[in-house]
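Colleague: Build me a model:
(2 chains)
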Amino acid sequence: GEDVEQSLFLSVREGDSSVINCTYTDSSSTYLYWYKQEPGAGLQLLTYIFSNMDMKQDQRLTVLLNKKDKHLSLRIADTQTGDSAIYFCAEKGGSSARQLTFGSGTQLTVLP
Amino acid sequence: DSGVTQTPKHLITATGQRVTLRCSPRSGDLSVYWYQQSLDQGLQFLIQYYNGEERAKGNILERFSAQQFPDLHSELNLSSLELGDSALYFCASSVSPARAVDTQYFGPGTRLTVL
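Modeller: Take a look at the predicted model:
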């Protein structure tokens, strides 16, 4: 079945860039997503990328996709303390149901 | 605010009991998904409904069931509750899984605690 993996923790200094990595196994993935979860809150959609794209930029967020290696990354430029949260990578497979398979989440801590 | 609402926000109950979680999708969305988030299993897909019909099942226990009503709201029923059912239950909605870009928007979740 599909599997999505992420490292569990990342710490960066305020103002630095953060890079959160994700690998997936489903070669039929159509879209890949990044969601953010703040403490006690639901999942907020940050951005998504279609599987035939290499890169997508949206303000401070840059998503890079290496389809050959099934590797996805999310770069947050000028990371702020408000960016501290858990970031989930998710992939939508090619099945008709279109449910998402999530990674375990990466806890990003931004240090002052 | 995603536009997806879930009630209640918190639920505390005892083992063996039955609870119902409710979800109202965003206006215009026809598809509803239920996910369970627990510390040991992470975020797991449970079940999906589209326009009142069950569309897909994931790791949903037989003690759990769901339905989507004509007004498109959905309910997740959890019965014979066990301690291990304690988790955050999220509902997500999307327009239609037939669309190429069918983004799922998540509700704030219901935190279930089974004592």
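Colleague: strand partners of the helix or strand bottoming out on mean pLDDT in chain A, parallel vs antiparallel please.
Modeller: Across the helices and strands of chain A, mean confidence by mean pLDDT, DSSP states H and E is lowest for strand A:100-102: a mean of 88. Strand A:100-102 sits in its sheet next to strand A:85-92 (antiparallel), going by DSSP bridges.
Colleague: who's in contact with the strand it pairs with?
Modeller: Around strand A:85-92, the neighbours that count as contacts under Cβ atoms under 8 Å, 6 or more residues apart in numbering or on different chains are A:2, A:4, A:6, A:20, A:22, A:24, A:26, A:29-39, A:43, A:46, A:72, A:74, A:98-103, A:105-108, B:43, B:102. Every C-beta, even on glycine, is put in place using the N, C-alpha and C of the backbone.
Colleague: Indicate the residue of chain B located nearest to chain A.
Modeller: The nearest approach of chain B to chain A comes at B:Ala56, 3.2 Å away (Cβ to the nearest Cβ).
Colleague: Apart from its chain neighbours, what residue comes closest to the spatially most central residue of chain B?
Modeller: Compute the mean C-alpha point of chain B, and by Cα atoms, centre = their mean the closest residue is B:Trp34, 3.0 Å away. Nearest residue to B:Trp34 in three dimensions, chain neighbours excluded: B:Leu46, at 4.2 Å (Cβ to Cβ, 6 or more residues apart in numbering or on different chains).
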